[in-house]
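Engineer: With the input below, show me the fold.
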Amino acid sequence: MTVTNTGVVAGKKTIMAFAGESGSRGSLWGLQKVELAPGASATLRFADATGWCPLCTVDERGMRAVRAGTHVVRFGGHGGDVADQDERAFASATVHVKGVTVPRPL
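Structural biologist: Below is the predicted model:
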């Protein structure tokens, strides 16, 4: 994602990434700090090299998978609570999953 300092002074911000079922706040799965001069932009990439899956849930057998349903991935600087921030201060995407991915043990 690209973030831009639209203000007139330099600023620092921590951008947090959340993922979860639609209607929930979600779980924090990534964060990056950025410092920008006025008018400057930076491209942030959120990825997890450990194999952790931000949209996965774990069932009673300990199997991890992305399950059918509506999931939301949200990025912002206010704990993922979109009610408390200007609509320009966050980005989100809705993901509709129709089936279950191949379950994997934890």
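Engineer: Any idea what the closest residue to Val95 other than its chain neighbours is bridged to?
Structural biologist: In this structure, Val95 finds its nearest non-sequential neighbour in His71, 4.6 Å apart by Cβ to Cβ, 6 or more residues apart in numbering. From N, CA and C alone the C-beta is placed, and that goes for glycine too. For His71, the beta-bridge partners are Glu21, Val95 (DSSP bridges).
Engineer: any idea how far His71 is from Gly20?
Structural biologist: Using Cβ to Cβ, to the nearest Å, His71 is found at 7 Å from Gly20.
Engineer: who has more neighbours, those two?
Structural biologist: His71 (22 against 19; other Cβ atoms under 10 Å).
Engineer: Show the contacting residues for the residue nearest the centre of the chain.
Structural biologist: Geometric centre of the chain, nearest residue: Ala17, 2.8 Å, by Cα atoms, centre = their mean. Contacts for Ala17 (Cβ atoms under 8 Å, 6 or more residues apart in numbering) come out as 28-31, 46, 54, 73-75.
Engineer: what about this protein, any weak spots by pLDDT?
Structural biologist: Counting by pLDDT under 70, the chain contains low-confidence residues at 48-50, 78-89, 100-106.
Engineer: Give me the distance between Asp98 and Met63.
Structural biologist: Quick fix: residue 98 is Lys, not Asp. From Lys98 to Met63 the distance is 19 Å (Cβ to Cβ).
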